[in-house]
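J.: Quick one, structure for this:
(one chain, ligands or ions: 1)
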Amino acid sequence: MSEIRHILSISGGKDSAALAFHLRDTRPDIEFEYVFFDTGEELPETYEYLEKLERALGIKIEYIHPKKSFEKLLQQYNNFLPSPSERWCTRHLKLEALIDYVKEGTIYNYVGIRADENRTGLIPHREDFKTIMPFVEDGITLNDVKRILNENGIGLPKYYEKVYDKEFDITYNRTRSGCYFCFFMRQIEWIWLLEKHPEEYWKAAKFEQGGYTWIRDMSLEEFAKPVNIARVKESYKKYEEYKKKHKIKNGTMMEEMAFLAQHDQDLDNFENDQFCSMCAL
Ligand code: SF4
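T.: This next block holds a predicted model:
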């Protein structure tokens, strides 16, 4: 029988971080391999959080790099940017690296999908590759994840910290790990990127060539104009008020899209997407 390997991919997000603590506490006899699939296009907050996690758990996370950089892949795709319906980025930057990494042995792949979510995780067509969802097995929900992270003194990744805009009286933050240019971001998160990490924002803008844009029908250069920033902040403010009034919880994507017509309709795939477990858990 081939060697059994227990693998936990850490994404830099809250769920996989909490899962690492949960596994330490509930499956102490298992020896885990901790891996991070590094696209090379991550936020500094992500690396910072991974280091924090290593210190808190006393573990070493192995960084796995893709064979080709995002920039090289983009050239190969003739500047055709990835999008929710054409996710070549996850395939090349993460999935191929994972498949390569798990070539040897019988694999138990631990995924941080929670009991209060409705998605399946990655299911490769290989008999010796099993996806395990301990949070689902153990009934762990979002509140438990936050509790686990607080109890272990690490809290949420820094990109969750709210930014307050006095002029519009709104607060906002980034809501996911993964590449700084991830097209799953809401428009207010692109503003967050512009304000918090202008260097990364303008780097993302440079990738827009040949008429391809990250945001539908608008280049990042155009988006950054004060008139557009004000429009998005206004619309976000209205949306937050609407959510409050109708008691819509964060993350109920369908209601969000019904209200914000400009959001890409493909975004609803995000909630159930198996590949997202690699980028944003
Ligand atoms: S984080 Fe977003 S842009 Fe990066 S690989 Fe995942 S889906 Fe693609």
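J.: low pLDDT regions in this protein?
T.: 1, 120-125, 248-281 (pLDDT under 70).
J.: what about stretch 83-98, how long is it end to end?
T.: End-to-end distance of stretch 83-98 (Cα to Cα, to the nearest Å): 21 Å.
J.: give the contact list for the closest residue to K68 other than its chain neighbours.
T.: Closest residue to K68 apart from its sequence neighbours, by Cβ to Cβ, 6 or more residues apart in numbering: H92 at 6.7 Å. C-beta: built from backbone N, CA, C; applies to glycine. If you count contacts by Cβ atoms under 8 Å, 6 or more residues apart in numbering, H92 has them with 66-68, 73.
J.: Weed out the non-buried ones from those.
T.: Taking 16 or more other Cβ atoms under 10 Å as the criterion, what is buried in those is 66, 73.
J.: quick one: secondary structure of Y242?
T.: Three-state call for Y242 (DSSP: H, G, I helix; E, B strand; the rest coil): helix.
J.: So which of the contacts of H92 is the closest to the ligand?
T.: Nearest to the ligand out of those is P66 (Cβ to the nearest ligand atom; 9.5 Å).
J.: and the closest residue to that closest one other than its chain neighbours, backbone torsions?
T.: In space, and not counting its chain neighbours, P66 is closest to L93: 4.6 Å by Cβ to Cβ, 6+ apart. Backbone torsions for L93, taken as degrees, to the nearest 10, come to phi -80, psi -30.
J.: thinking again about what came up before, also within reach of the ligand: list those from the contacts of H92.
T.: Among these, no residue lies close to the ligand (Cβ under 6 Å from any ligand atom).
J.: what's the most distant pair in the contacts of H92?
T.: Using Cβ to Cβ, the pair of these lying farthest apart is K67 and L73, separated by 9.5 Å.
J.: Point out the residues in this structure that sit beside the ligand.
T.: Residues of the chain found near the ligand (Cβ under 6 Å from any ligand atom) are 39, 82, 87, 89-90, 93-94, 178-179, 182, 184, 279.
J.: which residues in the stretch 151-281 of the chain form helices?
T.: 187-196, 198-206, 220-223, 226-245, 253-259, 268-272, 276-279 (DSSP state H, counting those that start in this stretch).
J.: Need the winner for burial among those helices.
T.: Mean neighbour count, computed with mean count of other Cβ atoms under 10 Å, is highest for helix 276-279 among these, reaching a mean of 24.
J.: tally of neighbours for the residue of the stretch 1-150 of the chain found nearest the ligand?
T.: In the stretch 1-150 of the chain, the residue that lies nearest the ligand is C89 (3.3 Å; Cβ to the nearest ligand atom). Per other Cβ atoms under 10 Å, the neighbour tally for C89 reads 26.
J.: cool, the one 5 residues further on as well?
T.: By other Cβ under 10 Å, the residues close to K94 number 24.
J.: Repeat that for Y49.
T.: Residues lying near Y49 (other Cβ under 10 Å) number 24.
J.: Helix or strand: which one has it?
T.: Using DSSP states H and E, Y49 falls within helix 44-57.
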